[in-house]
Every structure is written in structure tokens, then in C-alpha cells.
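[1] What shape does this take:
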Amino acid sequence: MNEDSALIARAKAGDERAFEALVTAYEKKVYATAYRFLGNEADAMDASQEVFLRVFRFLDKFNEASSFSTWLYRITINVCKDSHKKRAARGELSLEVPDDENGSYSAEISDSRYDPVEVFEQAELSRNIREGIESLPENYKEMIVMRDLCDMSYEQIAADTGLEIGTVKSRISRARERLRKYLLQNGNKPSSFRSK
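    I've put the predicted structure just below:
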């Protein structure tokens, strides 16, 4: 029995400390995934809280034949999709740009050595990429977020989504092509978008 299995068994039996240990073990991964999917700190924090509320409510229904991390990841993606639908219904769109080091940022000139035009163009490209990702169908958006923003391997994506690796690669390829077309239509050249 691995450590997760022991914690899950104890949490199912009502052990609050075991549940807290599960939250502590996975909260950063859940937050990072939500942040990459939703694009801003506040929504990612709200989504993370909702994820763990759902885990708490439905832990007794978790089938231990599958991986806890895969189950948790699916809940996270579903919460993010729900949040995205609610935001879209309200007409909200975040223009914050995710930044791995410091959270999200707006175009900001931090050093006079940088050309303001170049800084503006980079911010504009980042905004267009974010909007392009937002415009993708959910199954393509999920693939782009997992591969290019969360830097997950094809194998990890296949394991977490239950899809075949070939399907994962195909969806990522199609998502990148749609994103490339979106960027070109908006006057950008997506040469920096990697094709791993």
C-alpha cells in the first residue's frame, strides 16, 4: 500500500489529518494546473478550493483501482471548465499573462535598457496567445495547457486523460495549428511556439 492509498483510506474513515495531508501533497499541482488553465491568480485560487471541496465530498466514491493523481487532475480540469463557462457566460475574459516566476503581470517596463516598442509587442503577442488559447475548443485547450503551459509529457497527458498517446499527439498538433492560424489572423508570427 503506497502513501496515497494509506492517506485515502484514513481520510475515507474520517481522519481529518489524513485529508489535510492529501491537500498539502497536491495543492501546488492543483493550483498550477488551474492557473495555467484559467490564466489568473484569483480564479486559480477559487478553482483550487472548489477542487478540494469536491474531493472532500466525493472521496468515498473514489475507485482506488485508478490513480488518485489522475482522479484529482480530472476534477481540476472539470472545475476549470465549469469556471471558464461561467466566465464566458458573464462575458469576462482575463487579459493577464501567466508568468512562471511572479504570477501574472501586465506589460510593464522594468528596465530602461529595453525598447518600449519591443516590450509592447511582446505583451501584445502574449495577450493574443492567451486569447487564442481561450478561443480553442475545450478538448484542444486542455491539451495545449497540459503540454505547452504545464510542460507535461505525452505519456503524462495520456495517463491523466485516459487517451491513447496517438490521440494526445493528434489533438496537440491540431490545437497548435488552430492557435497558429488565430495568431496569423491577428498579425502575429508564432515562430516561438514550440513543436515538441
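
[2] Now do the SS call for residue 167.
    helix (DSSP: H, G, I helix; E, B strand; the rest coil).

[3] Apart from its neighbours in sequence, what residue is nearest it?
    residue 158 (7.9 Å; CB to CB, 6 or more residues apart in numbering). Where you see a C-beta, it was placed from the backbone N, CA and C, and this is true even at glycine.

[4] ok, the one you found - how many residues close by?
    Other residues within reach of residue 158, judged by other CB atoms under 10 Å, total 17.

[5] For it, give its distance to residue 184.
    30 Å (CB to CB, to the nearest Å).

[6] show me where the chain has helices.
    With DSSP state H, the ranges of helices along the chain come out as 3-12, 16-38, 41-58, 68-89, 116-135, 138-144, 154-161, 165-185.

[7] okay, those helices in CSV with mean pLDDT next?
    Output for those, formatted as CSV (pLDDT from 0 to 100):
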stretch, mean pLDDT
helix 3-12, 87
helix 16-38, 89
helix 41-58, 92
helix 68-89, 82
helix 116-135, 74
helix 138-144, 87
helix 154-161, 86
helix 165-185, 90
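
[8] buried ones in stretch 31-51?
    Across stretch 31-51, burial judged by 16 or more other CB atoms under 10 Å covers 31-41, 43-44, 47-48, 50-51.

[9] same deal with stretch 129-138?
    129-130, 132-134, 136.

[10] possible to save these as JSON lines with distance to residue 176?
    Formatted as JSON lines, the buried residues of stretch 129-138 follow (distance: CB to CB, whole Å):
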{"residue": "129", "distance to residue 176": "11"}
{"residue": "130", "distance to residue 176": "15"}
{"residue": "132", "distance to residue 176": "10"}
{"residue": "133", "distance to residue 176": "11"}
{"residue": "134", "distance to residue 176": "15"}
{"residue": "136", "distance to residue 176": "10"}
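
[11] OK, contacts around the residue nearest to residue 167?
    164-165, 167-168 (CB atoms under 8 Å, 6 or more residues apart in numbering).

[12] who wins for most neighbours among the residues you listed?
    That'd be residue 168 among these, by other CB under 10 Å, with 23 neighbours.

[13] mind checking how far residue 72 is from residue 81?
    If you measure residue 72 against residue 81 using CB to CB, the figure is 15 Å.

[14] Which one of those two is surrounded by more residues?
    Legend: neighbour count by other CB under 10 Å for residue 72 and residue 81, higher for residue 72 (23 against 16).

[15] you'd agree that one is up against residue 27?
    No - checked against CB atoms under 8 Å, the pair residue 72 and residue 27 is beyond contact range at 10.3 Å.

[16] What residues sit buried inside stretch 134-152?
    For stretch 134-152, by 16+ other CB under 10 Å, it's 134, 136, 140-150, 152.

[17] pull the CA atoms of that stretch into CSV?
    C-alpha atoms of stretch 134-152 as CSV (Å, rounded to 0.1, in the frame of the first residue of the first chain):
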residue,chain,number,x,y,z
GLU,A,134,-9.2,30.9,-24.9
SER,A,135,-10.8,30.5,-28.3
LEU,A,136,-9.9,26.9,-28.7
PRO,A,137,-12.5,24.1,-28.2
GLU,A,138,-12.2,22.7,-24.7
ASN,A,139,-10.5,19.4,-25.7
TYR,A,140,-7.8,21.3,-27.6
LYS,A,141,-7.4,23.9,-25.0
GLU,A,142,-6.8,21.2,-22.4
MET,A,143,-4.1,19.6,-24.5
ILE,A,144,-2.3,22.9,-25.1
VAL,A,145,-2.4,23.8,-21.4
MET,A,146,-1.1,20.4,-20.3
ARG,A,147,1.7,20.2,-22.9
ASP,A,148,2.8,23.7,-23.6
LEU,A,149,2.0,25.5,-20.3
CYS,A,150,2.3,22.8,-17.7
ASP,A,151,5.1,21.1,-19.7
MET,A,152,3.7,17.6,-19.2
